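Asker: Here is my input, please return the structure:
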Amino acid sequence: MREGDVTRVCAMDRESYDFPWTEGIFRDCLRVGYSCWIGEIETTPVAHAIMAVAVGECHILNLCVYPDWQGRGFGRRLLRHLLTFARTRKADSAFLEVRISNARARALYASEGFCEVGVRPGYYPARKGREDAVVLARALDPGTTERLAG
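Answerer: Residues are numbered from 1 along each chain as shown. Reported below is the predicted structural model:
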């Protein structure tokens, strides 16, 4: 993802979420050097992801597959790409938050070795107040499928 992609990515984020990120958040992620990716089929954007990598950890901040492209494996492919990239940056663990109500995403993450390590009460805005986030984690050591447990 580059600065010139932000308007397009932000528009797709708005189509994908009730409470999307602002252009400012995406621009800040680029500015501070987070790993920012766009998944494309030929020249058609189908997904985007933002990840921070530091001090042996990666934190997946945003992984979004656009509505018309969901259910085709793009989320899994992008997630695997992020984890592979994090390993090249010497990360040995991965973390993320997901809405407690997002069963589809939670199933994807569980199938990729993530396990629940905590809950952040009221983390996300919701139509009726706030919604909890489930904190998920997994080890990235290339020689093991060991899961992190809280």
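
Asker: Run a quick neighbour tally on Ala55.
Answerer: To be clear, residue 55 is Val; Ala isn't right here. Counted with other CB atoms under 10 Å, residues neighbouring Val55 total 6. No exception for glycine: its C-beta is placed from N, CA and C like everyone else's.

Asker: Could you do Ile100 as well?
Answerer: 16.

Asker: Quick check: it touching Glu131?
Answerer: Yes: taking contacts as CB atoms under 8 Å, Ile100 lies within contact range of Glu131: 6.3 Å.

Asker: Run through the strands of the chain in chain order.
Answerer: Counting by DSSP state E, the chain has strands at residues 35-41, 44-54, 57-65, 93-99, 115-126, 129-139.

Asker: to the chain's geometric centre, what's the distance from the fifth one?
Answerer: Here strand 115-126 is found 14 Å from its chain centre; the criterion is CA atoms, centre = their mean, to the nearest Å.

Asker: which residues touch Tyr17?
Answerer: Cys64 (CB atoms under 8 Å, 6 or more residues apart in numbering).

Asker: residue with max distance from the center of the chain?
Answerer: In the chain, the residue that sits farthest from the middle, by CA atoms, centre = their mean, is Lys128; the gap is 23.9 Å.

Asker: where's that residue relative to Arg106, distance?
Answerer: Distance, Lys128 to Arg106, by CB to CB, to the nearest Å: 21 Å.

Asker: what does Thr44 give?
Answerer: For Thr44, the distance to Arg106 - CB to CB - is 27 Å.
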